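J.: got a sequence here, can you model it:
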Amino acid sequence: MMSRSLMLAALAAVGATTASIAQDRPLPSVPQSLGLQEAIDLANQFSPVYRQVQNNRGPAGWGVRNALASTFLPSFTASGGVQYSGPGSQTFLTQAFVQPSGLLGSSYSLTLNWQLSGQTLSQPGLARAQLSATGAGITGARMNLRSAVVNQYLSVLQAQDNVRLTEAQQKRADEALRLAQARYQVGQTTVLDVRQAEVQKGRADVALIQAQQAVIVEKLRLFQQMGVVAPADPAVVGLSDTFPVVEPTWDLEQLLTEAEAHNPDVNSLKARHNAAVWNERAVKSSWLPTFSFSAGWSGFTQHFTDLNPVISNALTSAQQDAVATAEQCQYVNANLLNPGGTALPCPSTTLSAADTALIIEGVQTRYPAVSLLDFGSYTRQPFFARVGVSFPIFTQFNRPLRAAEAGAQADDARELVRARSLQVRTDVSQAHYGVQTGYRTIAIQQTNRAAAQEGLRLATEQYRVGSATFLNVLDAQAAAQQAEADYVRAVYDYHRAIVQLETAVGRPLR
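T.: So this is what the prediction gives:
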């Protein structure tokens, strides 16, 4: 039995080591063409924050099993032990107890216990409610992770669009510099225009370098959100998905209805409110009686570590008894028999070899050597069983206090659900109007961008023919650059508004 226990412990250690190795497995490499769904899938597998939330599912599941087992199954306990006491003398009051040899003993006990009360009956419902709350929390964490990944994916795309804007700005600055140099060479302008064009070209070069660095930084943040290690050169990873701008046609009332059913935060709070209600029931059930049952089996064994001192004491005692018997017989023959009577046969004062062997055999039979693992040779104690019932009468108002606290927690949880539902309605409505506003803003910014580009073209042509100054060209370039940046910002604000609306509703909308 001991070898079987060691084997089970070894298997458990191997399983724990294997699980640890599985959790510490190397992270995957990021594909060179990264789609949005691939990024979301990798984040669901490797995001540290999300995996921490997922780890709560295991204890919650075992909590349900524990509650069911505590209600319907008894607990079973097996215990055992080994004790040793050396030879010597112990004194209790005026009585001395001598132990001639070391004493080795062992014992075992098997105990069965089962308890049924109102609290144990309510524990499965409470555990299931807590499991549902944990599942809702995991769903909410997954939705929040998706929103974070999508927003960061959009940030990378926006940074790449900013690079294209700065490249166009650099190209315009380079053309303006060549134009200023050409006009200066023919004497149609001063060197001041050339220097201003050179400064504008330098600024465009710096802006391009900074925009390219911003793409790398945003990609690194995306990899961090996904929970994977970034490649040595983040530029090798390209984003393959695009986000078209389409007119939003979602109905607000339908979105509000879906949010009430699918919003993970609302569902999580509802599950927690249900758990609080079950906790209140469990606390109030303490007024009910408690039934208990217990049973047990036990046994023990003891044996001397060295029988020689015991045999020696037995032989000495037998020798003393033989001498005393012989002396008593001789005394009777000498003093108590009538004169001339037949004398009684008196035994010998020394033990014979047969008597000595018989005494040794008796001691060995009385104190046999017992193996600690041979449970069949243990001295078994009587089986015992007990059935009881208890009913608390007065607990210093502890039960009313706990019931009031549990009731207040359940009421607070219900109000949290109502407050979050109101907040979700506000978030959905706000995000819906934000999407509508973002779509209209894109149209306006697109018109502004076209007008600014036309103004830049006219200013450049006027400067080319000498009817405008270079400052007019610089102002037109700044206006065109700002209009293009505003257009790009409006496009990604629109997409982020959709992500915000999806988060508030609790499911993807496109």
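
J.: show me what the host helix or strand of residue 303 packs onto, helices and strands only.
T.: Taking DSSP states H and E as the definition, one finds residue 303 inside strand 290-304. Judged by 3 or more CB pairs under 8 Å, 6 or more residues apart in numbering; DSSP states H and E, the packing partners of strand 290-304 are strand 103-116, strand 379-380, strand 384-390. Bear in mind the C-beta positions are built from the backbone N, C-alpha and C, glycine included.

J.: what about the nearest residue to residue 48 once chain neighbours are set aside, distance to residue 316?
T.: Of all residues not flanking residue 48 in the chain, residue 227 sits nearest, at 5.5 Å (CB to CB, 6 or more residues apart in numbering). Per CB to CB, to the nearest Å, residue 227 is found 82 Å from residue 316.

J.: higher neighbour count, those two?
T.: Using other CB atoms under 10 Å as the criterion, residue 227 and residue 316 rank with residue 227 on top: 18 against 10.

J.: can I assume that one is in contact with residue 43?
T.: Yes - counting by CB atoms under 8 Å, residue 227 does reach residue 43; the two are 6.1 Å apart.

J.: and for those two, which residues touch both?
T.: residue 50 (CB atoms under 8 Å, 6 or more residues apart in numbering).

J.: quick one on the thing from earlier: what values do phi and psi take at the residue nearest to residue 48?
T.: phi 80, psi 20 (degrees, to the nearest 10).

J.: surely residue 46 touches residue 227?
T.: Yes - using CB under 8 Å, residue 46 is in contact with residue 227, at 3.6 Å.

J.: can you map out the helices along this protein?
T.: 2-23, 36-46, 48-54, 57-72, 118-185, 191-226, 252-262, 264-284, 308-335, 353-366, 398-465, 470-505 (DSSP state H).

J.: packing partners for the fourth one?
T.: When contacts are defined as 3+ CB pairs under 8 Å, 6+ apart, helix 57-72 packs onto helix 118-185.

J.: just want the angle from the helix it packs on to strand 103-116.
T.: 80 degrees (axes from the mean of the first three to the mean of the last three CA atoms, to 10 degrees).

J.: quick check: mean pLDDT across helix 118-185?
T.: Mean per-residue pLDDT for helix 118-185: 89.

J.: elements contacting it?
T.: helix 36-46, helix 48-54, helix 57-72, helix 191-226, strand 238-239, helix 264-284, helix 398-465, helix 470-505.

J.: out of the helices and strands in this structure, which is least certain?
T.: helix 2-23 (a mean of 40; mean pLDDT, DSSP states H and E).

J.: spit out the contact partners of residue 29.
T.: Going by CB under 8 Å, 6+ apart, residue 29 touches 228-229, 231.

J.: repeat that with 7 Å
T.: Residue 29 makes contact with residue 231 under the criterion CB atoms under 7 Å, 6 or more residues apart in numbering.

J.: can you check residue 302 too?
T.: Residue 302 sits next to 103, 105 when contact means CB under 7 Å, 6+ apart.

J.: list the beta-bridge partners for it.
T.: Going by DSSP bridges, residue 302 is paired in beta bridges with residue 105.

J.: okay, the residue lying closest to residue 501 once chain neighbours are set aside: pLDDT?
T.: Nearest residue to residue 501, sequence neighbours excluded (CB to CB, 6+ apart): residue 431, at 3.7 Å. Looking at residue 431, its pLDDT is 93.

J.: change the start of the numbering to 6 and stick with it
T.: With 6 as the first residue, the last one maps to residue 436.

J.: residue 436: neighbouring residues, count only.
T.: Residues near residue 436, counting by other CB under 10 Å, number 22.
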